[in-house]
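1. Pasted the sequence and its predicted model underneath.
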Amino acid sequence: MKRQLMTAAAVCALGLGLAACAGMAMANANAAPTTETAPATGQAAAAQDFPATAEGAAAFVASAEERLAALSEEAARIQWTRATNITFDTMWLESKINAEYTELQVELANRAAAFNDVRVPEDVRRKLNLLRLGIVLPAPNRPGAATELAEITTRLDSTYATGKFEYKGEEITLDEASILMAESRDPAETKALYEGWRTVSPQMAPDYARMVEIANEGARELGFADTGAMWRAGYDMDPDAFAAETDRLWEQVKPFYENLHCYVRGRLNEKYGDAVQPDEGPIRADLLGNMWSQQWGNIYDVVAPAAGGESSYDLTELLRRQDYDAERMVKTGEGFYTSLGLAPLPQTFWERSMITRPEDREVVCHASAWDLDNEEDIRIKMCTQVNADDFYTVHHELGHNYYQRAYKDQPFLFKNGANDGFHEAIGDFVGLSATTPTYLNQIGLLETVPGEEEDIPFLLKMALDKIAFLPFGLMVDRWRWDVFSGETTPAAYNEAWTANMLKYQGLVPPGPRPENAFDPGAKYHIPGNTPYTRYFLAHIYQFQFHRAACQQAGWTGPLHRCSIYGNEEVGRRFNAMMEMGQSRPWPEAMEAFTGERGNDASAVAEYFAPLNAWLTRQNRGKDCGWSA
C-alpha cells in the first residue's frame, strides 16, 4: 500500500498510496511534483547524478524525498477538489498532476534500481525498496504514457462516481440503489437493482484493458513480472510467499464461512422458496442486502434466530432518538480516540471535511480519510447518514486520520502504514469496541447492557458483516492478479469474475449476464484501482489487535463484549505502534502492539466461537457447501 488511497483513480493510479477503506481514500502525501513549479533545489536534484556508493544512495534518497514532498500539498488539494466537485475542469487538473507525479515516481523507481547491489544502511535500503514498490499503477518511461494512464484512471473513477441508472422511470444513484437493496425483500426488485447498477460499468471495460497494458509495461520496466506481482511484493516478503500466506489465512477461516453460508442459505430458502433460493448449492447474490454481496448484515431480519433473535435495541433508532446528526456522529467517533489519550482533531478538520453530501454538485461519496499536507490538515469525505452503518464507518475513517497524524514526524517515505492492511485494520479494530453494547452504554446511547441471551444475535450480526466479507476480500485481487498476469484476458473479464464469486463466496448472479457485462467495474475499488487484499488482511489484523488490547486492559469476559474505550494505557501502546509508520517491517509493528510477529486468524475464531458452535447445531443434517 503506498501512501494514500486517495480518491482512488487518481491516487491509486499514481500509486501514491492507498489505504482506504470502506473505501477510504487517504491522502497522506499525495505528492505530485511538477518540474514547472518545483523549487530550484528540487530541479537541481532531479538533474544530479548520484554515484553507486552508500553515500550516493543516501544522497539520492534524500533528494527523492525532497522532490516527492515538495508538491504533495498541491496534488492533494487538486485531488480533494475533484473528489468533492466533479467537473470537466477538476478532472483535467487531476489528470495533469497525476501524470506528472507518475512520471516522477517512475523516474525515481528506475533510478533506485541503480543501488540494488550497493551496501547501504538498513533505513536507506528500505526507502530504496519503497521507491520501487510505491507505485500502484506504474507508467512506462516513455513520452505520453503517464498522461494516457492518468487520463484513463481519472475517467474510470469519475464514470463510477457519477453513475446512474433508470429504475421505475427515474434515474437513481448508487446510494439510492443501495438503500433500496438493503430494505427490499422482493426478489424481482433486488434483481432489477443488482442488474441496473451493473449497466454503468460496461463502458469502462476498454479503458480498463488499456490501463492494464500500460501498467504492466511499467511494472516490467521496474523488474516485476506484472503489476499484480509488484503489488504482492509490498509486504516485506516474497510475492509468491505472500499469496501463499493469504491462502493459509483463508483456510483458517473458511470452515466458519461455510458454516455461515449454509445457515443463511437455509433461512433464505425458508423465506423465498426453492424457486428463488434452493436449500443447496450457491446463494443468489442479490438476496443478501448489499450491492456486491460483500456484507450481509442488512438481511438480519430474514436470517435472525427463530427464537430469541431480536435485540433489545436498534442502534439506528438509538441515534435518531437522541437527535444525532452527521457532525455529532463524527464528534462521537473523535471522542473514542481522545478517551485513549490521543489528541483531539484539529479545528481545520471540522472546517474542511465533507461530512454530508452537497446538493449542488457531483462528488465521490465513497467514504475516505485524507491527509493533505503530511502534518495536521487531516479530513474525512463522507456522505454521512444517521444510521448504524455510518456510525461504524465514522470510527473506521477516523482511524486512518489518527494513524496519519501519528506518523507525521517520520521521513516522507515512511509516512504510511506498516502495510496497507494495517491502515484499514486500525479503524476496524476501534470499530470492534464501538459496536459493543458495552461502549454504547459507556457513551450514554444505551441504558443497560443486555445479558448473555443476546450474544448470539449480536455475534450473528457481526458475522454477517465480518465473516461474510472475508472471501470477497480475497477474490477481488485474485481476479485482478489473473488479469495483470494475462491468465484472464479482456474477453473473459466477466466470466472470470463470476467464477471467483462462485469459488470463494459460493454466490451466483440472479440471472444470466449480458455479453458486454463488466461486473468488476461495478465495485468502486476496480475502476478506482485500489488494491483490495488489504481489506482481507485488515479483517484478520483487527481481531488480533482487539484481543491484544483487551488483554492489556485486563478484560476477562467474552472477547466480543470487550470495549477499550477510556483506557489510556492501551492508547499509549496503540499510538506507539502507529508512530512507527512504515519505518520498520510490519511484523515489528505487529509485535510492538500485540506481542505477536505474524498473521494469526485464531483471534477471529476466539471472538466468534459461541456463534460457530451455535451455527453447527443449526446446520445439522444439512448438505452444506456448493459446487465450484
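-> Looks like it came in fine.

2. Next, give phi and psi for residue 121.
-> phi -60, psi 160 (degrees, to the nearest 10).

3. residues in contact with it?
-> By C-beta atoms under 8 Å, 6 or more residues apart in numbering, the contact list for residue 121 reads 54, 58. Yep, even glycine has a C-beta here, placed from its N, CA and C like the rest.

4. What ranges does the stretch 451-600 of the chain have for its strands?
-> Assigned by DSSP state E, counting those that start in this stretch, the strands in the stretch 451-600 of the chain fall at 507-508.

5. and the longest helix for the chain?
-> helix 239-272 (DSSP state H).

6. what helices or strands is that one leaning on?
-> helix 227-232, strand 283-284, helix 300-303, helix 455-485, helix 533-552, helix 602-618 (3 or more C-beta pairs under 8 Å, 6 or more residues apart in numbering; DSSP states H and E).

7. and that helix with helix 455-485, angle?
-> 130 degrees (axes from the mean of the first three to the mean of the last three C-alpha atoms, to 10 degrees).

8. I'd like to know the average pLDDT value across helix 239-272.
-> Confidence for helix 239-272, expressed as mean pLDDT, is 96.

9. Any idea how far it is from the middle of the chain?
-> Distance of helix 239-272 from the chain centroid (C-alpha atoms, centre = their mean, to the nearest Å) equals 19 Å.

10. related to what we said a few turns ago, columns mean neighbour count on top of the helices and strands packed on helix 239-272, output as TSV?
-> Output for the helices and strands packed on helix 239-272, formatted as TSV (neighbours: other C-beta atoms under 10 Å):
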stretch	mean neighbour count
helix 227-232	26
strand 283-284	22
helix 300-303	17
helix 455-485	22
helix 533-552	25
helix 602-618	18
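
11. So for residue 49, which of these sits nearest?
-> Smallest distance to residue 49 across the helices and strands packed on helix 239-272 (C-beta to C-beta): 26.5 Å, for helix 227-232.

12. chain center to the closest one: distance?
-> Helix 227-232 has its C-alpha centroid displaced from the chain centroid by 17 Å (C-alpha atoms, centre = their mean).

13. in the stretch 501-628 of the chain, which ranges drop under the pLDDT threshold?
-> Along the stretch 501-628 of the chain, the parts satisfying pLDDT under 70 run over 628.

14. related to what we said a few turns ago, what's the angle from the longest helix of the chain to helix 602-618?
-> With the same axes, to 10 degrees as the basis, helix 239-272 and helix 602-618 are set at 30 degrees to each other.

15. got the angle between helix 239-272 and helix 533-552?
-> On the basis of the same axes, to 10 degrees, helix 239-272 is oriented at 90 degrees to helix 533-552.

16. What residues of helix 239-272 count as buried?
-> The neighbour-count check on helix 239-272 (16 or more other C-beta atoms under 10 Å) flags 239, 242-243, 245-246, 249-250, 252-254, 256-269, 271-272 as buried.

17. before we move on, back to that, any chance of the helices and strands packed on helix 239-272 in CSV, with distance to residue 130 too?
-> Listed next are the helices and strands packed on helix 239-272 as CSV, based on distance: least, C-beta to C-beta, whole Å:
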stretch, distance to residue 130
helix 227-232, 12
strand 283-284, 41
helix 300-303, 42
helix 455-485, 20
helix 533-552, 16
helix 602-618, 29
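
18. out of the ones you listed, nearest to residue 566?
-> The nearest among those, by C-beta to C-beta, is helix 533-552 at 12.2 Å.

19. What is the end-to-end distance of stretch 575-588?
-> This stretch, stretch 575-588, spans 14 Å end to end (C-alpha to C-alpha, to the nearest Å).

20. got the buried residues for it?
-> 575, 577-584, 586-587.

21. same deal with stretch 277-292?
-> For stretch 277-292, by 16+ other C-beta under 10 Å, it's 277, 280, 282-292.

22. Wasn't residue 626 part of a helix?
-> No - under DSSP: H, G, I helix; E, B strand; the rest coil, residue 626 falls outside any helix and is assigned coil.

23. Now do it: how many residues are near it, please.
-> Residues within reach of residue 626, counting by other C-beta atoms under 10 Å, total 19.

24. measure it to residue 539 for me?
-> 22 Å (C-beta to C-beta, to the nearest Å).

25. Packing partners of the one helix or strand residue 62 maps to?
-> Using DSSP states H and E, the element containing residue 62 is helix 54-70. Other helices and strands packing on helix 54-70, by 3+ C-beta pairs under 8 Å, 6+ apart, are helix 40-47, helix 88-112, helix 122-133.

26. Please report how far residue 268 lies from residue 255.
-> Distance from residue 268 to residue 255, by C-beta to C-beta: 21 Å.

27. by contact count, what packs against the host helix or strand of residue 428?
-> Assigned by DSSP H and E, residue 428 falls within helix 420-434. If you count contacts as 3+ C-beta pairs under 8 Å, 6+ apart, helix 420-434 packs onto helix 326-339, helix 388-406, helix 533-552, helix 586-594.

28. 10 Å - rerun?
-> Using 3 or more C-beta pairs under 10 Å, 6 or more residues apart in numbering; DSSP states H and E, the elements in contact with helix 420-434 are strand 17-18, helix 326-339, helix 388-406, helix 437-442, helix 455-485, helix 533-552, helix 568-579, helix 586-594.

29. For those, give me JSON lines that also has distance to residue 76.
-> Converted to JSON lines, those look like this (distance: least, C-beta to C-beta, whole Å):
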{"stretch": "strand 17-18", "distance to residue 76": "11"}
{"stretch": "helix 326-339", "distance to residue 76": "20"}
{"stretch": "helix 388-406", "distance to residue 76": "11"}
{"stretch": "helix 437-442", "distance to residue 76": "33"}
{"stretch": "helix 455-485", "distance to residue 76": "26"}
{"stretch": "helix 533-552", "distance to residue 76": "20"}
{"stretch": "helix 568-579", "distance to residue 76": "20"}
{"stretch": "helix 586-594", "distance to residue 76": "25"}
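
30. Ok, which of those comes nearest residue 117?
-> Here helix 586-594 is closest among the helices and strands packed on helix 420-434 (C-beta to C-beta), at 25.6 Å.

31. what's the angle between that closest one and helix 420-434?
-> Using the same axes, to 10 degrees: helix 586-594 against helix 420-434 is 20 degrees.

32. distance of the spatially closest residue to residue 454 that is not a sequence neighbour from residue 434?
-> Sequence neighbours aside, residue 311 is the residue nearest to residue 454 in space, at 5.8 Å (criterion: C-beta to C-beta, 6 or more residues apart in numbering). Relative to residue 434, residue 311 is positioned 16 Å away (C-beta to C-beta).

33. When the two are compared, which one has more neighbours?
-> Neighbours were counted for residue 311 and for residue 434 using other C-beta under 10 Å; residue 434 has more, 23 against 15.

34. which ones are touching that one?
-> 332-333, 336, 391-392, 394-396, 427-428, 440, 443, 563-565 (C-beta atoms under 10 Å, 6 or more residues apart in numbering).

35. if you set the cut-off to 6 Å instead, what comes out?
-> If a contact means C-beta atoms under 6 Å, 6 or more residues apart in numbering, then residue 434 has residue 395 as its contacts.
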